[in-house]
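Asks: need a 3D model of the following:
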Amino acid sequence: MNLIIFLLIGALAGWLAGIVMKGRGFGLLINMVVGVLGAFFGGWLLPKFGVSIGGEFGGFLTAFIGAVILLALIGLVKKA
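Replies: As a prediction, this is how the structure comes out:
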C-alpha cells in the first residue's frame, strides 16, 4: 500500500512540476514518471543539504522539489 501512495504522490508532484516549469514539461505521462523519479532524487538529494521534511506533505514536497530539479536538468540537456 505504501508503494501505491508513493507512486501517486510522485505522479501528482510530477504533474504539478510540469505546470510550474512552463515549457519544460513533456506531457502528462512523462511528467508523472519524472515526478516518481524526482521523489527518489529529492529523497536522496535534500538530506545531503541537511533538509529533512517529514510526513506525507513533506514527502510530496520532496517529490515536487526533486521533479522540478529533474525537469530543469532534462530541459538543459534537451536544449544542448
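Asks: all helices of the protein, in order?
Replies: In the chain, the segments counted as helices under DSSP state H are 2-20, 28-48, 55-79.
Asks: roughly how far out does the second one sit from the chain middle?
Replies: Between the mean C-alpha location of helix 28-48 and the chain-wide mean there is a distance of 3 Å, by CA atoms, centre = their mean, to the nearest Å.
Asks: which residues touch that helix?
Replies: 6-7, 9-18, 25-26, 52-53, 59, 62-71, 74 (CB atoms under 8 Å, 6 or more residues apart in numbering). Glycine gets a C-beta too; all of them are placed from N, C-alpha and C.
Asks: just want the angle from it to helix 55-79.
Replies: Angle, helix 28-48 to helix 55-79, by axes from the mean of the first three to the mean of the last three CA atoms, to 10 degrees: 110 degrees.
Asks: what sits closest to the most centrally placed residue in the chain if chain neighbours are left out?
Replies: By CA atoms, centre = their mean, the chain has its centre lying nearest to A67, at 2.3 Å. Leaving aside its chain neighbours, A67 sits nearest to G38 (3.0 Å; criterion: CB to CB, 6 or more residues apart in numbering).
Asks: likewise V34?
Replies: Nearest to V34 is G14, by CB to CB, 6+ apart, at 4.7 Å.
Asks: and the contacts of helix 28-48, which are buried?
Replies: Buried by 16 or more other CB atoms under 10 Å: 6, 9-18, 25-26, 59, 62-71, 74, out of the contacts of helix 28-48.
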